[in-house]
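K.L.:
pasting the sequence and the predicted coordinates here, then a few questions.
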Amino acid sequence: MSTNFIEKGEVLNYTATTKDIASGDLVIIGSIAGVAKTDIANGSMGAVHITGIYSLAKAVDTITQGTKVYWSSVNCNVTTSKADNALIGVAANNATSGDGFIHVLLNVCL
């Protein structure tokens, strides 16, 4: 193993700076999307998963597997619209307009 290896990079420490974060909430860290492992109180540090597939609330969009998806911080859901939204990964499954959730593979297209 190389001497400069730090870790696998699957989890980052994150300090909540504006509000409490609930376990399972999507967090945007610069251009990285993550999902809180546990509750993180405002001003406290906690673990955020940045790899893997997570079920997240979605807009009414029909989304095809493999499509780039974005996070709407205004609506707190996944969308296919780039406009003012953060790129978070790709759809891991197909979802119709009637589906309330979609599986998202985080950070694979960044």
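P.N.:
That came through fine.
K.L.:
tell me which stretches of the protein form strands.
P.N.:
Along the chain, the segments classed as strands by DSSP state E run 11-15, 26-29, 32-36, 45-49, 53-57, 68-72, 77-79, 86-91, 101-106.
K.L.:
so what strands line up beside the second one?
P.N.:
Sheet pairing for strand 26-29, assigned by DSSP bridges, gives strand 32-36 (antiparallel).
K.L.:
got the domain boundaries for this protein?
P.N.:
Using automatic domain parsing, the domain ranges for the chain come out as 11-49, 53-106.
K.L.:
rounded mean pLDDT for the first one, please.
P.N.:
Yep, that's domain 11-49 we're talking about. What domain 11-49 shows for mean pLDDT is 97.
K.L.:
that one: which residues count as buried?
P.N.:
Under the neighbour-count criterion of 16 or more other C-beta atoms under 10 Å, domain 11-49 has 11, 14, 16, 21, 25-27, 32-36, 40, 46-49 buried. No exception for glycine: its C-beta is placed from N, CA and C like everyone else's.
K.L.:
compute the first-to-last residue distance for that domain.
P.N.:
4 Å (C-alpha to C-alpha, to the nearest Å).
K.L.:
and what of the longest one?
P.N.:
Chord length of domain 53-106, first to last residue, is 6 Å (C-alpha to C-alpha).
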